[in-house]
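In: What follows is a predicted protein model with its sequence.
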Amino acid sequence: MPSIGEPVPGFELPDTRGEMHRLDPAPATVVVFTCNHCPYALAWHERIIAVAGDYGQKGVRMLAINPNDAERYPGDSPDAMRARVEDGDFADVPYLRDESQEVARAYDARTTPDVFVLDAEGILRYRGAPDGDHDDPARNAAWLRAAIDAVLEGRAPDPQETRPVGCSIKWRP
Amino acid sequence: MRVEFLFWAGCPSHPRALADLRETLAQTGLDPDCVIVREVDDESGAEAEEFVGSPTIRIDGIDIQPPGEQPTGLTCRIYRRRDGRISPTPDPADVRDALRAASSTPGGRS
């Protein structure tokens, strides 16, 4: 599992149309583990997607990954993921399916959401929650934004790590 | 009045939801310690309890947010606040209204 200051594992995962995505070069990349059925993921969702829109012009990439076991949690099925994408819930952010859960395990992702910010070299610079309160939209994903700002400016984020808060990832039995 | 609070420990919302429920009970003039708290810890228990997610609050057996066709299971429950936001915990105003409705129901105990 990657620690702050260490490189993260690469991956290649399909989006809801079957197109493959990987960690392509970018000045900063946000990898967010999320899902459809968790109220924490949904409460934070608009704030997280807004970050992608606000930082897109600076070349920052965001990839959303759903790793949940869709057999036990059908709300996270590929069809349900596709429906949200088609409804515009993810704007231009690719919504990827981690069917094998190998990527979530490699990142030691624990909850939905769980946010990882990488620098241009693929080094993990921030990991944790988007901000300090899922119930307060005014928090505006402040920890995530601060981490991206720091990476773009070549500084260490403050904080570098926070406790991810949300629903546990639904691992396969 | 019978106030039940069902939770699954795998979802982190239950301490806040239980505190909110007890605060609302107190604000409504009811005993905050009257809550019957039950943990649901496996799928068979969820099915037996018709538990569609954590937390679930029932007043005199009636869910404060009727779950409709949601499947039973061990998961966090989605609530919608009165301002439209999605939340892991119910809107305290919905809890308050459910308590008041039960209090005013003939045969209900306050």
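Out: Now that the structure is in, tell me what you want to look at. Bear in mind that the values here come from a model prediction, so they are computed numbers and not experimental data.
In: measure the spatially closest residue to A:F11 that is not a sequence neighbour to chain B for me?
Out: Among residues not flanking A:F11 along the chain, A:V103 sits closest, at 4.6 Å (C-beta to C-beta, 6 or more residues apart in numbering or on different chains). In this view, the C-beta of every residue, glycine as well, is placed from N, C-alpha and C. Distance, A:V103 to chain B, using C-beta to the nearest C-beta, to the nearest Å: 22 Å.
In: thought A:V103 was touching A:N66?
Out: No - taking contacts as C-beta atoms under 8 Å, A:V103 lies outside contact range of A:N66: 10.5 Å.
In: Check what pLDDT B:P106 gets.
Out: For B:P106, the pLDDT comes out at 63.
In: wait, I meant B:R16
Out: Looking at B:R16, its pLDDT stands at 95.
In: By mean pLDDT, flag the weakest helix or strand of chain B.
Out: Here the helix or strand of chain B ranked lowest by mean pLDDT, DSSP states H and E is helix B:92-104, holding a mean of 92.
In: who's more crowded, A:V103 and A:N66?
Out: Per other C-beta atoms under 10 Å in any protein chain shown, whichever of A:V103 and A:N66 has more neighbours is A:N66, with 27 against 23.
In: Would you state the predicted confidence (pLDDT) at the more buried one?
Out: At A:N66, the model reports a pLDDT of 98.
In: Ignoring the adjacent residues along the chain, who's closest to A:P39?
Out: Excluding its sequence neighbours, the residue lying closest to A:P39 (C-beta to C-beta, 6+ apart) is B:P88, at 4.0 Å.
In: is it true that the one you found touches B:W8?
Out: No - checked against C-beta under 8 Å, the pair B:P88 and B:W8 is beyond contact range at 11.6 Å.
In: is it true that the residue nearest to A:F11 lies in a helix?
Out: Yes - per DSSP: H, G, I helix; E, B strand; the rest coil, A:V103 lies within a helix segment.
In: Please report how far it lies from A:G56.
Out: Look at A:V103 and A:G56: by C-beta to C-beta, to the nearest Å, they are 23 Å apart.
In: would you list every one of the strands in chain B?
Out: B:3-7, B:36-39, B:56-59, B:62-63, B:79-80, B:86-87 (DSSP state E).
In: Identify whichever of those lies nearest to A:I148.
Out: strand B:86-87 (24.3 Å; C-beta to C-beta).
In: That closest one pairs with which strands?
Out: strand B:79-80 (antiparallel) (DSSP bridges).
In: hmm, back to that, okay, the strands of chain B in a markdown table with mean neighbour count and mean pLDDT next?
Out: Formatted as a markdown table, those follow (neighbours: other C-beta atoms under 10 Å in any protein chain shown; pLDDT from 0 to 100):
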| stretch | mean neighbour count | mean pLDDT |
| --- | --- | --- |
| strand B:3-7 | 21 | 98 |
| strand B:36-39 | 12 | 97 |
| strand B:56-59 | 22 | 97 |
| strand B:62-63 | 14 | 94 |
| strand B:79-80 | 18 | 94 |
| strand B:86-87 | 20 | 96 |
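In: Nearest to A:H21, out of the ones you listed?
Out: Closest approach to A:H21 among these is made by strand B:86-87 (26.4 Å; C-beta to C-beta).
In: centre of the chain versus the closest one, how much separation?
Out: Mean-position distance between strand B:86-87 and its chain equals 14 Å (C-alpha atoms, centre = their mean, to the nearest Å).
In: what do you get for stretch B:5-13?
Out: Centre-to-centre, stretch B:5-13 and its host chain are 11 Å apart (C-alpha atoms, centre = their mean).
In: do it and chain A meet?
Out: Yes - on the criterion C-beta under 8 Å from any C-beta of the partner chain, stretch B:5-13 is in touch with chain A at B:10-13.
In: which among these end up buried?
Out: Buried members of the residues of stretch B:5-13 next to chain A, scored by 16 or more other C-beta atoms under 10 Å in any protein chain shown, are B:11-13.
In: about what we covered before: hey, what's in contact with both of B:P88 and B:W8?
Out: B:C76 (C-beta atoms under 8 Å, 6 or more residues apart in numbering or on different chains).
In: Which one of the two is surrounded by more residues?
Out: Using other C-beta under 10 Å as the criterion, B:P88 and B:W8 rank with B:P88 on top: 28 against 23.
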